[in-house]
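1. give the three-dimensional model of this entry:
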Amino acid sequence: MSDQPRETVLYEVDGPLATVTLNRPESLNGITNRMMRELHETLNEVASDRSVRAVLFTGAGRAFCPGADLKAYTSGENQEPNRPEYFHVTSLLHEMPKVTIAAVNGACAGAGFGWACACDLRYASERAMFNSAFLGVGISGDMAGPWLLPRIVGATKAREVFFTSQKFGAAEALEMGLVLKTFPDETFREEVQAIAERISKSAPLAIGEMKKNFVAAESLSLRDYIDLETERHNRTGASEDSREAFRAFVEKREPRFQGR
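-> Predicted coordinates:
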């Protein structure tokens, strides 16, 4: 991990909720190699933080992320080397044992579109705009969009999104199932923050194992998955957190989870 201070990514932790914010608002959070490195470092840190149960992922200013900052790449400003492991930002968002929540507050295209698809849940401001974008700049694409999007909206619709490179708004994203809900821009952050906070209050062992279940289900047969699921069910069911949840339900109070 680099010792340099992070400038293009902000990272805050408030109890069990982490917020990761892409922070190049002057460029609508366009990606540079430095942002790739800093985001990869940040998400590795989040993934290893046992106190974090949910991650809110968003962009500073008026955009989520429009993909690569083409001006930076063509001007020579983007001098820092890019490493193959940085492309596994997508893997981290999709696989870490935390619930990842994309708060799409504006333009979402290219690699930024892939990162949003990698999250477990997606919510959009009503002014958000989406675009796969890659064919418009003559490249085949990165950040695993063709792996992720068919699992969200279906194979044919995903192909249309990538092959036509047409922009579409939040209403169409909601209709196709890409996002779960849309909110007016003036209340968007407050609404998504409330959802993220509610999820982050879940039992830490159970929510982490549940996330692992979803990831495992993508590659296992039904029988193998059920064996794995049952083992995790029994283990979390025997935890102190589970016993506390039962007591809290009976006593009509909020549970006090300890992560054990």
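2. low-scoring stretches of the chain, by residue?
-> Within the chain, the segments meeting pLDDT under 70 span 1-4, 77-78.
3. and the residue nearest the centre of it?
-> By Cα atoms, centre = their mean, the chain has its centre lying nearest to Cys119, at 3.0 Å.
4. strands of this structure, start to end?
-> 9-14, 17-22, 54-59, 99-104, 107-109, 121-125, 129-131, 168-169, 181-183 (DSSP state E).
5. distance to His88 added to the ones you listed, as JSON lines?
-> Where C-beta positions appear, they are placed from N, C-alpha and C, glycine not excepted. Formatted as JSON lines, the strands of the chain follow (distance: least, Cβ to Cβ, whole Å):
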{"stretch": "strand 9-14", "distance to His88": "15"}
{"stretch": "strand 17-22", "distance to His88": "15"}
{"stretch": "strand 54-59", "distance to His88": "15"}
{"stretch": "strand 99-104", "distance to His88": "14"}
{"stretch": "strand 107-109", "distance to His88": "20"}
{"stretch": "strand 121-125", "distance to His88": "20"}
{"stretch": "strand 129-131", "distance to His88": "23"}
{"stretch": "strand 168-169", "distance to His88": "27"}
{"stretch": "strand 181-183", "distance to His88": "29"}
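6. okay, these in TSV with distance to Ser221 and mean neighbour count next?
-> Below are the strands of the chain laid out as TSV (distance: least, Cβ to Cβ, whole Å; neighbours: other Cβ atoms under 10 Å):
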stretch	distance to Ser221	mean neighbour count
strand 9-14	38	16
strand 17-22	34	22
strand 54-59	30	26
strand 99-104	25	26
strand 107-109	34	27
strand 121-125	26	25
strand 129-131	34	22
strand 168-169	36	16
strand 181-183	33	18
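7. so which of these comes closest to Pro204?
-> For these, proximity to Pro204 was assessed by Cβ to Cβ; strand 54-59 is nearest, at 10.1 Å.
8. who are the neighbours in contact with the spatially closest residue to Met143 that is not a sequence neighbour?
-> Leaving aside its sequence neighbours, Met143 sits nearest to Gly114 (Cβ to Cβ, 6 or more residues apart in numbering; 2.8 Å). Neighbour list for Gly114: 90, 141-145, 148 [criterion: Cβ atoms under 8 Å, 6 or more residues apart in numbering].
9. reformat the residues you listed as a markdown table; add neighbour count.
-> As requested, these are exported to a markdown table (neighbours: other Cβ atoms under 10 Å):
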| residue | neighbour count |
| --- | --- |
| Thr90 | 21 |
| Gly141 | 18 |
| Asp142 | 14 |
| Met143 | 25 |
| Ala144 | 20 |
| Gly145 | 24 |
| Leu148 | 21 |
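10. now, which of those sits nearest Ser200?
-> Of these, the one sitting nearest to Ser200 (Cβ to Cβ) turns out to be Thr90, at 22.2 Å.
11. OK, contacts around that closest one?
-> Counting by Cβ under 8 Å, 6+ apart, Thr90 has contacts 114-115, 118, 143-144, 148.
12. and for Ile152?
-> Counting by Cβ under 8 Å, 6+ apart, Ile152 touches 117, 158, 177-178.
13. do a quick rundown of the helices in the chain.
-> 33-48, 70-75, 89-95, 110-118, 145-153, 155-164, 170-176, 188-200, 204-217, 222-237, 240-251 (DSSP state H).
14. deepest-packed of the ones you listed, please.
-> When you average the neighbours per residue for each of these (mean count of other Cβ atoms under 10 Å), helix 110-118 leads with a mean of 28.
15. got the angle for that one vs helix 155-164?
-> With axes from the mean of the first three to the mean of the last three Cα atoms, to 10 degrees as the basis, helix 110-118 and helix 155-164 are set at 170 degrees to each other.
16. what about helix 110-118, distance to the chain center?
-> Its chain's C-alpha centre and that of helix 110-118 lie 8 Å apart, by Cα atoms, centre = their mean, to the nearest Å.
17. swap in stretch 101-117?
-> That offset, for stretch 101-117, works out to 8 Å (Cα atoms, centre = their mean).
18. just the CA atoms of it, as PDB, please.
-> Extracted in PDB, the C-alpha atoms of stretch 101-117 (Å, rounded to 0.1, in the frame of the first residue of the first chain):
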ATOM      1  CA  ILE A 101     -24.400   0.100  -1.900                       C
ATOM      2  CA  ALA A 102     -24.000   2.400  -4.900                       C
ATOM      3  CA  ALA A 103     -25.500   5.800  -4.500                       C
ATOM      4  CA  VAL A 104     -25.600   7.000  -8.100                       C
ATOM      5  CA  ASN A 105     -25.800  10.800  -7.800                       C
ATOM      6  CA  GLY A 106     -25.200  11.800 -11.400                       C
ATOM      7  CA  ALA A 107     -23.300  10.600 -14.500                       C
ATOM      8  CA  CYS A 108     -22.400   6.900 -14.400                       C
ATOM      9  CA  ALA A 109     -20.600   5.500 -17.400                       C
ATOM     10  CA  GLY A 110     -17.700   3.300 -18.500                       C
ATOM     11  CA  ALA A 111     -15.700   1.900 -15.700                       C
ATOM     12  CA  GLY A 112     -17.900   3.800 -13.200                       C
ATOM     13  CA  PHE A 113     -20.900   1.900 -14.700                       C
ATOM     14  CA  GLY A 114     -19.100  -1.300 -14.000                       C
ATOM     15  CA  TRP A 115     -18.300  -0.300 -10.500                       C
ATOM     16  CA  ALA A 116     -22.000   0.500  -9.800                       C
ATOM     17  CA  CYS A 117     -23.000  -2.900 -11.200                       C
END
